[in-house]
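Student: what follows is a predicted structure for the sequence shown.
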Amino acid sequence: MKKLTLLACLLAGMAFANTKWFDVKLYHPSVIGGTELQPGNYTAELKDQKLIVKHGRETVEASVRVENADRKVDATTVRYSNGDGKYKVEEIQLGGTKMKLVLY
């Protein structure tokens, strides 16, 4: 019975190991995954190669490529492009890590 419980715990841990949560603050109306989000605090989840951004009941998904930066960043930062008058999120650097998420 103990072995079965241990195996179940290990499998559950492996399932959550690929999921990473973090907070993102948007200072401008921002486009992620084709959807415009209003300024505010959002919870984001990185699951496989998908970024899932949540605020209340609103959920937006976008495809991302995970890259390593040259150095660790102190705070989470959002990089935008502004080609058509809208702030489109291009990259999110995660505070306290060398990880950056490039949206495409």
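Tutor: Happy to help now that I have it.

Student: for the longest strand anywhere in the chain, what is the distance to the chain centroid?
Tutor: The longest strand of the chain (DSSP state E) is strand 58-68. Offset of strand 58-68 from its chain centre (Cα atoms, centre = their mean, to the nearest Å): 6 Å.

Student: same question for stretch 63-73.
Tutor: Here stretch 63-73 shows a centroid-to-chain-centroid distance of 11 Å under the convention Cα atoms, centre = their mean.

Student: in space, what's closest to residue 39 - neighbours in sequence excluded?
Tutor: residue 26 (5.3 Å; Cβ to Cβ, 6 or more residues apart in numbering). Every C-beta, even on glycine, is put in place using the N, C-alpha and C of the backbone.

Student: repeat for residue 50
Tutor: Nearest to residue 50 is residue 61, by Cβ to Cβ, 6+ apart, at 5.6 Å.

Student: residue 104 too?
Tutor: Residue 104's closest residue in space is residue 63 (Cβ to Cβ, 6+ apart), at 5.8 Å.

Student: what's the one you found in contact with, if anything?
Tutor: Counting by Cβ atoms under 8 Å, 6 or more residues apart in numbering, residue 63 makes contact with 33, 49, 50, 51, 103, 104.

Student: quick check, nearest of those residues to residue 22?
Tutor: residue 51 (10.1 Å; Cβ to Cβ).
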